[in-house]
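Trainee: below is the structure, and that's it, no one-letter string:
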DNA sequence: AACACAAACGCAACATGGTTGCGTAAAAAA
DNA sequence: TTTTTTACGCAACCATGTTGCGTTTGTGTT
């Protein structure tokens, strides 16, 4: 877990107050954020465009990844160290809490190996669990 | 596979040209439809509100169910016979084709049994596969 | 067949989430 | 310090889906 400033430097992203705060926000939480939630938590910008563009930039640099969302919003979580600077490499499941509507990455669950025989070429497997998270259970 | 008219009668839905066509459309295909795709294929209405409300009504009667969509659109597929008139009961996987952006129900794949030990209470398991469907492979 | 009621339609207007264009500001590189 | 490039911030836009409401049309009943 590097310092926010080192991360921005490493990924050749300019160091601005908002982006520093954004990285710290992601690092501070085990769950994930939508643009709207970010807007509520960070004061150094009020412009949603700034938020969306920072999220896109971070995603492109493999710093954060999209996770499923209860209401089909775009939601991001921090990437693990397996992601390189240019390549996402995720094989974990996600958990959606139906109480607080948060999404969590579950690193301890391994994805099933599916071999479909009906003519579908499978490239990716996504496993999403729903229920109640530890805080809401 | 009943006639469209019988289905509408069974579910106490009024028989209109559009809803008859809509049922037939779902029955004609192994995949699934968004409101926009329905609007392209059915001529008996031009109003998206009519489409959205019919889809909601069909979903409430457990005639169709929501399936995942590549672009986070609301997408529906026909229910199987296990769904009662008032209760959805699905435990199949879904396949998203990254070429044609269609979603298919995979009835031959059984969902994995997940026992999470980290304090998450799991109520539902969703398995979504991605790749190329038979027509696009 | 006529009536009455509820369900469905169709139009307008709205809500939400996300995107694009463009001029300006401000880091970082030279 | 100058130049270059990235990020910001505002406005305007777009796409998907929803709500309200008056009108129409099935359908079940008299």
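Mentor: Cool, got the structure. A quick note: this is a predicted structure, and the numbers were derived from the prediction, not measured. Numbering: from 1, shown residues only, chains lettered A, B, ... in the order given.

Trainee: give me the sheet partners of the longest strand seen in chain A and which way each runs.
Mentor: As assigned by DSSP state E, the longest strand anywhere in chain A is strand A:121-132. With DSSP bridges as the criterion, the sheet partners recorded for strand A:121-132 are strand A:93-97 (parallel), strand B:121-132 (antiparallel).

Trainee: figure out which of the ones you listed is closest to DNA strand C.
Mentor: Ranking the strands paired with strand A:121-132 by their distance to DNA strand C (criterion: CB to the nearest atom of the strand) puts strand A:93-97 first, at 14.9 Å. Where you see a C-beta, it was placed from the backbone N, CA and C, and this is true even at glycine.

Trainee: gap between that closest one and the chain center?
Mentor: In terms of CA atoms, centre = their mean, to the nearest Å, the gap separating the centre of strand A:93-97 from the centre of its chain is 12 Å.

Trainee: just stretch A:108-124 next, same as before
Mentor: Relative to the mean C-alpha coordinate of its chain, stretch A:108-124 is positioned 23 Å out (CA atoms, centre = their mean).

Trainee: find the nearest non-adjacent residue to residue A:31, please.
Mentor: Spatial nearest neighbour of residue A:31, chain neighbours left out: residue A:102 (4.6 Å); criterion: CB to CB, 6 or more residues apart in numbering or on different chains.

Trainee: nearest to DNA strand D, of the strands paired with strand A:121-132?
Mentor: The stretch from the strands paired with strand A:121-132 with the least distance to DNA strand D (CB to the nearest atom of the strand) is strand B:121-132; that distance is 16.7 Å.

Trainee: show me the contact partners of that closest one.
Mentor: In this structure, residues lying in contact with strand B:121-132 by CB atoms under 8 Å, 6 or more residues apart in numbering or on different chains are A:95, A:98, A:112, A:114, A:116, A:120-132, A:137, B:68, B:93-99, B:106, B:109, B:111-112, B:114-116, B:137.

Trainee: and chain A, which residues reach chain B?
Mentor: Counting by CB under 8 Å from any CB of the partner chain, the positions of chain A adjacent to chain B are A:72, A:74, A:93, A:95, A:98, A:104, A:106, A:108-109, A:112, A:114, A:116-134, A:137.

Trainee: for residue A:104, what are its contacts?
Mentor: If you count contacts by CB under 8 Å, 6+ apart, then residue A:104 has A:30-32, A:77, A:94-95, A:97, A:133, B:120 around it.

Trainee: same question for the helix or strand encompassing it, mean pLDDT?
Mentor: Per DSSP states H and E, residue A:104 falls inside strand A:103-106. This predicted structure assigns strand A:103-106 an average pLDDT of 96.

Trainee: near DNA strand C, anything from that strand?
Mentor: No: using CB under 7 Å from any atom of the strand, no contact is recorded between strand A:103-106 and DNA strand C, whose separation bottoms out at 12.6 Å.

Trainee: so how far is residue B:69 from residue A:72?
Mentor: Residue A:72 sits at a distance of 8 Å from residue B:69 (criterion: CB to CB, to the nearest Å).
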